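In: Take this sequence and fold it.
(chains A and B)
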Amino acid sequence: MSTTESSSAHLETLRKQAQDRLDAHAYDMIQWHFHESTGCPFWLEKKAELSFDPLKEIKTFDDLRKFPLFEDEWLRGGPVRRWVPKAYADKPIYVFETGGTTGIPKSRVVIDDFRIDYELFSETLPDKYFPRGSNWLMLGPSGPRRLRLAVEHLCQFRGGICFCIDLDPRWVVKLIKKGWMEHLEAYKQHCIDQAITILTAGHDIKCMFATPKLLDALCLALEERKTSLRELGVTGIFSGGTEFTPQWTRYAVEELLGGPPEESGVYMTPTYGNTLMGLACSKPVTAADGYKISYYAPQPRAVTEVVDFDDPMQPVPYGETGRVKLTTLTREFFVPGFLERDEGERELPFEKYPWDGVSGVRPYRGVASQTTVGVY
Amino acid sequence: MLKIPVLRWGKPYDSLELDQVVHFRTGEPIAQVSQANGGIIQRDLRKASLARDILREIPCSELIERLGRAADLYEKGTLPLGDGSQSPDEFAHQQSATTGLPEHMCRANMSKNSFVLKNMKQILDCLTRGLDLDILTRGYGVEHRGVVVSYQAQSPVLGAVLPSNSPGVHTLWLPAIPLQLGLVLKPGPQEPWTPYRMVSAFIEAGVPAEVFALYPGGPEAGAALLSACDRAMIFGGSATVEQYKGNPKVQAHGPGFSKILLGDDVVDHWEDYLDLMAESIYINSGRGCINCSGVWASRHTREIAQALAERLGPIEVKPPEDPQAGLAAFTVPGMAKAVWGMIEADLKENGVTDLTSAYGPRLVELERCAYLRPTIVHCQSPENQVAKKEYMFPFSTVVECPQEQMLAKIGPTLVCTGITEDPNLIRQLTDAVHVDRLNIGPIPTTRLNWLQPHEGNIIDFLFRSRAYQLPAEKLAAV
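Out: Reported below is the predicted structural model:
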């Protein structure tokens, strides 16, 4: 057997193991969410509307296609407790919101998922650039967002203390919609000023989260002050969002951060995620690969598929473009087949993530013109 | 297929984000254009002052001479473009193929740009009211009257967010280089041709490449350019103009709502001005802000509209390479249909009549593009909704309005041709602050005298006149 054949067989074994794990996990989660003693009121009520019995008929991940698509409108408005699994009714509950610039935001209840997701993500961070015990700066949205607490937990989990800024993304979106660009610039500057104050106050910050736009603005502001993130001691940056295009990544690596990590000493990792899912990690991004960004969901807790624009039950062939479909399978939250506002290309599994990925993530063409991208 | 890079202070930069510019009729790719992200623009513009430093090393008079050479190169030369080259014929063909403008109009626009470059000395002499251009270089000096004057550049560069649909606007940014200001341009997505060819001609003529930046890109690139340049132009619709109103950094160019007003003293001889009216409406396929979109008179309006409809209504769609083609295509899918939908909605109002409907359907839809044939609408009253509309094709209303109400009713007007000998009306027109360019007499709205300022004097936009005092001995040394 040649080396290629051997590695291909090895990958196939890993892929099969991952699929088996996903099938078993999907079965467990259905038993949990649709059992009277553990499920949440929303899904227990929904069960009556279904034409099948999930407890009996869902045995694998593919069987989840029997569910109709998840409608995110279901997440708007209360009572929010209808989403709390009975088994967790006595636990302290968080509610995280998404959207909400106008109208009622979508909300998701959480007990420990954000901690679990970010602890899993922590395992993917290289200690060389994200040293254990180092302090972090969270340069992203505050308020009723998961991200602020999640990044703080990530930092604490790795032994550090997290510094945060005040940032209201809903106000940012309003400023853009109103065309108040001077106010937008002033608000961005207000956020950057807060960040620079923290970074230069002797807190020994080595790692940070930043949205692409704020990272860009921060680096420019530091350059104007004749310094840089590297000079201030930052070595690891975690960032995310659909603005994370290959071109933006190349620009950030080559011009903002001073080159690839081995030259500049600064490592940046793109991520893809939202309040409904966990956090999808990227395959390492390199100049040799054209700064291509491929995301892999934290299976089996969440699955991303790339599906046909017209038939969301049908995955597109590898390399083809489709809409991103999300399935969340945790004990706290069940989302079967939610069509994201994003599209991208279906990517092959590889050894580290032996399941499908998605690359070239960008706003879905059907809603792109209506989407206002604020700070993240 | 041509590959066109971003130009960062003269240095080509191949982006990982590419936009394909295609032929509007065939869908054939014509060029692959690198797209700049906003960060690159913000970052590059921190070095904008270098462009002015470089240009101030070359006297304005020398730069004007180089522009004269650039004019010939632009009009007649084969010039480098991206990874290839471009002859004048290729330019006209490519510009036509991506903008929908007939090729002969593209050639006419080339001649117009070239004319402006060749006559830059006279144009600047008029715009500066005869100022010694060395005073702009130095920032101060003594005028021939013996008075100290100071003109301070408000920005080291002029930025411009350019449109895709009107190659005629490029004349507006051409004076920047001889005024020793760098150029930072975001070309329109379908019209990278003029900015790239012009910059190529400038460089071939000896203007240092380091003073040019070209950033094709999406809306984010435009926003970044406007926020990073201290003086910039943008071309857009009424909403764009409204957004930048009162912003001293941005000169927003929107719809022109240009008009012809026939005074009561001449209106009975309206036939004498029919050619002038038709030319003002129809030339350049009615795309410019200087094209007439409203003829106003107190009487004979129905007859005027009928005569214009007879003249323009029968004009048919012709292929872009046809020298007789008079209509430009709408290349953005659905746009022509949407425009026609708006006009149809307005036509339902009482007192509004489409006099061109007798000459066949106005909306002509082809597989990949659409056309709107000339449309002349009669309005019984200036209160009719359609009376103040402007569209990007040969479209005009003919509005019945008493002379004494005209100035109060016409609204903002970029070019106003007032045909009258009535001194009272001439005085009112001269005083009307909502009129920008004023033609008194039978001059088509589209016939511009380049020695006159357009939508504000660019010198006033780019330079600030201020006090500058010197001791007598230093004054003597100036």
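In: Please report how far A:Gly78 lies from chain B.
Out: Going from A:Gly78 to chain B by C-beta to the nearest C-beta, to the nearest Å gives 37 Å. Yep, even glycine has a C-beta here, placed from its N, CA and C like the rest.
In: Look up phi and psi at the closest residue to chain A within the stretch 151-300 of chain B.
Out: When scored by C-beta to the nearest C-beta, the stretch 151-300 of chain B has B:Gln243 as its residue closest to chain A, at 4.7 Å. When read as degrees, to the nearest 10, the backbone of B:Gln243 gives phi -60, psi -40.
In: Over to stretch B:175-187 now: how far is its first residue from its last?
Out: The first and last residues of stretch B:175-187 sit 17 Å apart, counting by C-alpha to C-alpha, to the nearest Å.
In: Now do the buried residues in it.
Out: B:175-187 (16 or more other C-beta atoms under 10 Å in any protein chain shown).
In: okay, among those residues, which ones form the most distant pair?
Out: Using C-beta to C-beta, the two most remote members of these are B:Gln180 and B:Pro187, lying 22.8 Å apart.
In: sorry, back to before: strands - which of the buried residues of stretch B:175-187 land there?
Out: Counting by DSSP state E, the buried residues of stretch B:175-187 place B:182-186 in strands.
In: excluding its backbone neighbours, what's nearest B:Glu143?
Out: In space, and not counting its chain neighbours, B:Glu143 is closest to B:Val149: 5.3 Å by C-beta to C-beta, 6 or more residues apart in numbering or on different chains.
In: which SS class is residue 318?
Out: Going with chain A. coil (DSSP: H, G, I helix; E, B strand; the rest coil).
In: Relative to B:Pro402, how far out is it?
Out: 72 Å (C-beta to C-beta, to the nearest Å).
In: Residue numbers of chain B in contact with chain A?
Out: Within reach of chain A by C-beta under 8 Å from any C-beta of the partner chain, chain B has these residues: B:15-17, B:35, B:37-40, B:42-43, B:46, B:223, B:226-227, B:243.
In: In which helix or strand does residue 198 reside?
Out: You didn't pick a chain, so chain A it is. Using DSSP states H and E, A:Ile198 maps to helix A:181-199.
In: wrong chain, I was asking about chain B
Out: Per DSSP H and E, B:Met198 falls inside helix B:193-204.
In: for that helix, the distance to its chain's centre please.
Out: Distance, stretch centre to chain centre, for helix B:193-204: 17 Å (C-alpha atoms, centre = their mean, to the nearest Å).
In: Next SSE downstream of the lengthiest helix in chain A?
Out: Assignment by DSSP state H gives helix A:3-33 as the longest helix of chain A. Using DSSP H and E, the helix or strand that directly follows helix A:3-33 along the chain is helix A:41-49.
In: about what we covered before: is it true that the residue of the stretch 151-300 of chain B closest to chain A touches B:Ala252?
Out: Yes - assessed by C-beta atoms under 8 Å, B:Gln243 is found in contact with B:Ala252 at 7.3 Å.
In: higher neighbour count, the two?
Out: B:Ala252 (22 against 18; other C-beta atoms under 10 Å in any protein chain shown).
In: Closest residue of the stretch 1-150 of chain A to chain B?
Out: A:Leu139 (15.7 Å).
In: returning to what we had before: packing partners for the longest helix of chain A?
Out: In terms of contacts (3 or more C-beta pairs under 8 Å, 6 or more residues apart in numbering or on different chains; DSSP states H and E), helix A:3-33 is packed against helix A:54-57, strand A:321-329, strand A:334-347.
In: Got a ChimeraX select line for the buried ones in the residues of chain B next to chain A?
Out: The ChimeraX selection below is limited to those of those classed as buried (16+ other C-beta under 10 Å):
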select /B:15,16,17,35,37,38,39,40,42,43,223,226,227,243
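In: and of the residues of chain B next to chain A, the nearest to A:Arg132?
Out: Closest to A:Arg132, out of all of those and judged by C-beta to C-beta, is B:Gly39, at 31.4 Å.
In: Next, that closest one: secondary structure please.
Out: Following three-state DSSP, B:Gly39 is assigned to helix.
In: And for B:Val415?
Out: Per three-state DSSP, B:Val415 ends up strand.
In: Quick one: residues contacting the closest residue to B:Thr128 other than its chain neighbours.
Out: Spatially, and ignoring its direct neighbours in sequence, B:Thr128 is nearest to B:Ile459 (5.4 Å; C-beta to C-beta, 6+ apart). Applying C-beta atoms under 8 Å, 6 or more residues apart in numbering or on different chains, we find B:Ile459 in contact with B:127-128, B:151, B:179.
In: Please narrow these to those residing in helices.
Out: Those of the contacts of B:Ile459 lying in helices (DSSP H): B:Leu127.
In: Identify the farthest-apart pair in the contacts of B:Ile459.
Out: Farthest-apart pair in those is B:Leu127 and B:Tyr151; separation 11.9 Å (C-beta to C-beta).
In: higher neighbour count, the two?
Out: B:Tyr151 (24 against 20).
In: That one pairs with what?
Out: B:Ser465 (DSSP bridges).
In: do the same with B:Val161
Out: B:Lys186, B:Ile234.
In: mind listing what it touches?
Out: B:186, B:222, B:225-226, B:232-236.
In: Residue numbers of the stretch 201-350 of chain A in contact with chain B?
Out: Going by C-beta under 8 Å from any C-beta, the residues of the stretch 201-350 of chain A near chain B are A:216, A:220, A:223-224, A:245-248, A:250-252, A:255-256, A:290-291.
In: what's the residue in the stretch 351-478 of chain B positioned nearest to chain A in contact with, if anything?
Out: When scored by C-beta to the nearest C-beta, the stretch 351-478 of chain B has B:Arg368 as its residue closest to chain A, at 18.5 Å. Taking C-beta under 8 Å, 6+ apart as the criterion, B:Arg368 is in contact with B:24-27, B:331, B:333.
In: try 10 Å
Out: Contact partners of B:Arg368, counting by C-beta atoms under 10 Å, 6 or more residues apart in numbering or on different chains, are B:22-27, B:329, B:331, B:333.
In: how long is stretch B:2-15 from one end to the other?
Out: End to end - C-alpha to C-alpha - stretch B:2-15 spans 14 Å.
In: Quick check: buried residues in that stretch?
Out: By neighbour count on 16+ other C-beta under 10 Å, the buried set for stretch B:2-15 is B:2, B:4-10, B:15.
In: Equivalent analysis for stretch A:136-153, please.
Out: For stretch A:136-153, by 16+ other C-beta under 10 Å, it's A:136-142, A:144-153.
In: cool, and stretch B:88-99?
Out: Buried, per 16+ other C-beta under 10 Å, within stretch B:88-99: B:88, B:90-99.
In: How about stretch A:228-239?
Out: A:228-229, A:234-239.
In: Then stretch B:275-293?
Out: Buried residues in stretch B:275-293, defined by neighbour count with 16+ other C-beta under 10 Å: B:276-278, B:280-293.
In: now stretch A:49-64
Out: Those would be A:54, A:58, A:61, A:63-64, for stretch A:49-64 by 16+ other C-beta under 10 Å.
In: Centre of the chain to that stretch, how far?
Out: 27 Å.
In: can you list contacts of it?
Out: Counting by C-beta under 10 Å, 6+ apart, A:19-27, A:29-31, A:33-36, A:39, A:43, A:46-47, A:65-68, A:299-300, A:303, A:305, A:327, A:329, A:334, A:336-337 sit against stretch A:49-64.
In: For the spatially closest residue to B:Lys11 that is not a sequence neighbour, list the residues it contacts.
Out: Closest residue in space to B:Lys11, ignoring its immediate chain neighbours: B:Ala209 at 7.8 Å, by C-beta to C-beta, 6+ apart. Residues in contact with B:Ala209 (C-beta under 10 Å, 6+ apart) are B:7, B:9-12, B:54, B:199-200, B:202-203.
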